[in-house]
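sequence plus the predicted model coming up.
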Amino acid sequence: MRSRTPTKRWRPSSSKPGGAKASDEFNAAIAGITDPKDKGEWQAAMRAFGQTIWGTTAWGRQLDAQGKRTQAGGREWRTTKDLPPSGRRPIVDVLKKTAEEVAPLLEHLCDVGERTTKFTTQAAITAAKATAADLSDLSVTNLTKMAVGGLVGRIVLAFRSHMDKSGCDAVVETYHKEFTEAADKLKALLPELEIAIKSAPTYQAELARAQGFGARSLNEFKKEHRWQTSVPHEGPLNGPAWTGRTIEVDKDTSTIAPARDTRGVTSHLKYDPNLNPPFVVYTSTPQ
């Protein structure tokens, strides 16, 4: 990697990714209405709303770097009303982690590439000088008597004999090893990045959620509703829409099946005569 341009582009992101900066500015702007010390319904709703922007959901779980459920040491994707948005922003944290790991990795590969090029180039220069010294005994008369093929063959053999083949093989082997290991490290970042991509809400979804919070605030979050929200159509979908990931538990064997993508949700209506309309819509986790 002769060019360090990719490294230079990743380096600023590792210290302050664009997403982290936007998150900090947003969180600062709404800090007055998301203080965890305030237990009011409005503040709790705004804390939840702020977190969902950064990828949390009510059905989120704690996942490890491979996207598997874990009880400790993983990244939390569940929305909580006990923390401000700055305290739970998984998408931003994933982007920051990625930048922090990619930047030094690319820097290291650049160093490996430069060391490899420097060694092989110097080895070639040294071999060329030694070859020229071997051919110093050739006079013009001898050169004219030698066939072109014989002269080229002698030069090639002399160059090969002086080339540090074992040294070049070693640095090239190291080069391949370092790049292979780097590729594995980059691949290890993909599961969390894919989760972050799928967890990022659309503008339309957050608009509908904001409308819901706004409507509830007009009634001071009382148990009533005379409003509705909608999510505008976002264009054609190539195949079924992805709604999340779920894990099924076999109650008979107490075993947990591997996590899988989901393409829908389950909703239920619960009758409540005190509401208008007289029911509450319960939407399950993705299914």
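Cool, the structure landed. Numbers count the residues shown, from 1 in each chain.

quick check: longest helix of this structure.
In the chain, ranked by residue count with DSSP state H as the criterion, the top helix is helix 90-134.

what packs against that helix?
Under the contact definition 3 or more Cβ pairs under 8 Å, 6 or more residues apart in numbering; DSSP states H and E, helix 90-134 sits against helix 5-15, helix 18-29, strand 75-76, helix 148-162, helix 165-199. (C-beta placed from N, C-alpha, C; glycine too.)

average pLDDT for it?
In this model, helix 90-134 has a mean pLDDT of 92.

could I get the helices and strands packed on helix 90-134 as JSON lines with distance to Thr121?
Shown next, in JSON lines, are those (distance: least, Cβ to Cβ, whole Å):
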{"stretch": "helix 5-15", "distance to Thr121": "22"}
{"stretch": "helix 18-29", "distance to Thr121": "39"}
{"stretch": "strand 75-76", "distance to Thr121": "45"}
{"stretch": "helix 148-162", "distance to Thr121": "14"}
{"stretch": "helix 165-199", "distance to Thr121": "10"}
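
most tightly surrounded among those?
Counting by mean count of other Cβ atoms under 10 Å, strand 75-76 has the highest mean neighbour count of the helices and strands packed on helix 90-134, with a mean of 19.

which residues touch that one?
Applying Cβ atoms under 8 Å, 6 or more residues apart in numbering, the contact partners of strand 75-76 are 56, 60, 62-65, 88, 90, 93-94, 192.

rewinding a little: how far does the longest helix of the chain sit from its chain's centre?
Offset of helix 90-134 from its chain centre (Cα atoms, centre = their mean, to the nearest Å): 24 Å.

related to what we said a few turns ago, between the contacts of strand 75-76, which sits nearest Lys37?
The nearest member of the contacts of strand 75-76 to Lys37, counting by Cβ to Cβ, is Arg88 at 16.6 Å.

identify the residues contacting the closest one.
Arg88 touches 51, 54, 56, 76, 79-80, counting by Cβ under 8 Å, 6+ apart.

lowest average confidence across the helices and strands packed on helix 90-134, which one?
Per-stretch mean pLDDT for these is lowest at helix 5-15 (a mean of 69).
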